[in-house]
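>>> sequence? don't have it. structure:
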Ligand SMILES: N[C@@H](CCC[C@H](N)C(=O)O)C(=O)O
């Protein structure tokens with residue numbers, strides 16, 4: 001066994017929480033184990049996700065709490081941006097971050113608030129979603145609950161489900177069932193959405209690699225895109241979440257913009273014991 005002290009910061013965006021470290025502080029061969037141990041809510045720091053900061057060129061490497069890699073994280077990229085400011089890595093008001101879902105342009109607004117161009121949704125390229133067929137308004141029944149699934153790629157795979165009311169018990173149970181359905185070979189994030197009025201929705205996400213979270217940025221974008229396509233909302237919507245809100249805007253070219261904040265909640269050294 002060997003003990004290492006790894007400098008980290010912890011952030012949250014609307015309650016979606018992340019451990020963030022710089023790439024030079026970690027050993028790639030130990031990364032999976034480090035993620036699983038440090039994200040544990042009882043024996044580690046606790047977090048929904050783990051972010052590695054690559055500086056040259058600036059890149060966000062995102063991992064879910066189970067150690068799986070994801071192409072992007074909307075709340076994570078705002079926290080990544082705040083980390084880069086806090087650590088003196090970035091001094092500009094606008095910059096580009098590389099991700100597995102392409103380059104994302106970040107604009108720093110007020111203190112701790114960021115606008116991110118989250119790119120256009122992808123409805124056609126099924127290889128991106130890990131599904132063998134297009135899923136749009138498809139009926140999905142669990143016991144006596146009837147859902148309509150809409151699956152597409154919005155910087156990562158998302159399935160949007162509109163419900164009359166958000167119900168914690170069913171979201172957790174049915175979110176897991178939909179997420180792990182074998183028709184999604186790469187699994188899917190599942191967003192339960194309640195439309196309040198044309199400019200407000202409420203949502204919560206069962207995340208692949210993590211379970212229920214308090215917020216999901218890419219999920220908020222996907223939910224608004226889907227609601228807009230179905231004529232359920234306007235092109236600018238406030239997404240209400242248990243611990244905050246995000247503003248999502250779809251421009252005339254179909255690009256999706258997310259605006260929200262990011263907060264540093266801890267800074268220190270993680271005492272990591274290798275097995
Ligand atoms: N919480 C994130 C999404 C994180 C990745 C997701 N669980 C996946 O595996 O695709 C967000 O804010 O977008």
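Yes, it's here. The structure presented is a predicted model; accordingly, all values stated were derived computationally and were not measured.

>>> CA only for contacts and neighbour counts going forward, please
Fine.

>>> Residue numbers of the protein in contact with the ligand?
Within the chain, the positions adjacent to the ligand are 64, 70, 72-76, 156-157, 207-209, 216-219 by Cα under 6 Å from any ligand atom.

>>> Tell me the one of those residues nearest residue 135?
Closest approach to residue 135 among those (Cα to Cα): residue 157, at 11.9 Å.

>>> in the sheet, who's paired with that closest one?
For residue 157, the beta-bridge partners under DSSP bridges are residue 153.

>>> Tell me which residues touch it, please.
Taking Cα atoms under 8 Å, 6 or more residues apart in numbering as the contact definition, residue 157 lies against 128, 129, 151, 188, 189.

>>> okay if I get the residues you listed as a markdown table plus secondary structure and neighbour count?
A markdown table is the format used below for the contacts of residue 157 (DSSP: H, G, I helix; E, B strand; the rest coil; neighbours: other Cα atoms under 10 Å):
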| residue | secondary structure | neighbour count |
| --- | --- | --- |
| 128 | helix | 17 |
| 129 | coil | 25 |
| 151 | strand | 27 |
| 188 | coil | 29 |
| 189 | strand | 27 |
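
>>> Which ones among the residues of the chain next to the ligand map onto strands?
Counting by DSSP state E, the part of these found in strands is 64, 70, 157, 207.

>>> Quickly check these for the two that are furthest apart.
Going by Cα to Cα, the pair spanning these furthest: 64 and 157, at 13.6 Å.

>>> shared neighbours of those two, anything?
When Cα under 8 Å, 6+ apart defines a contact, no residue borders residue 64 and residue 157 alike.

>>> which stretches of this protein form helices?
Along the chain, counting by DSSP state H, helices occupy 31-39, 74-86, 168-179, 217-229.

>>> Could you dump those helices into a markdown table and include mean pLDDT and distance to residue 136?
Output for these, formatted as a markdown table (pLDDT from 0 to 100; distance: least, Cα to Cα, whole Å):
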| stretch | mean pLDDT | distance to residue 136 |
| --- | --- | --- |
| helix 31-39 | 98 | 34 |
| helix 74-86 | 98 | 23 |
| helix 168-179 | 97 | 14 |
| helix 217-229 | 98 | 10 |
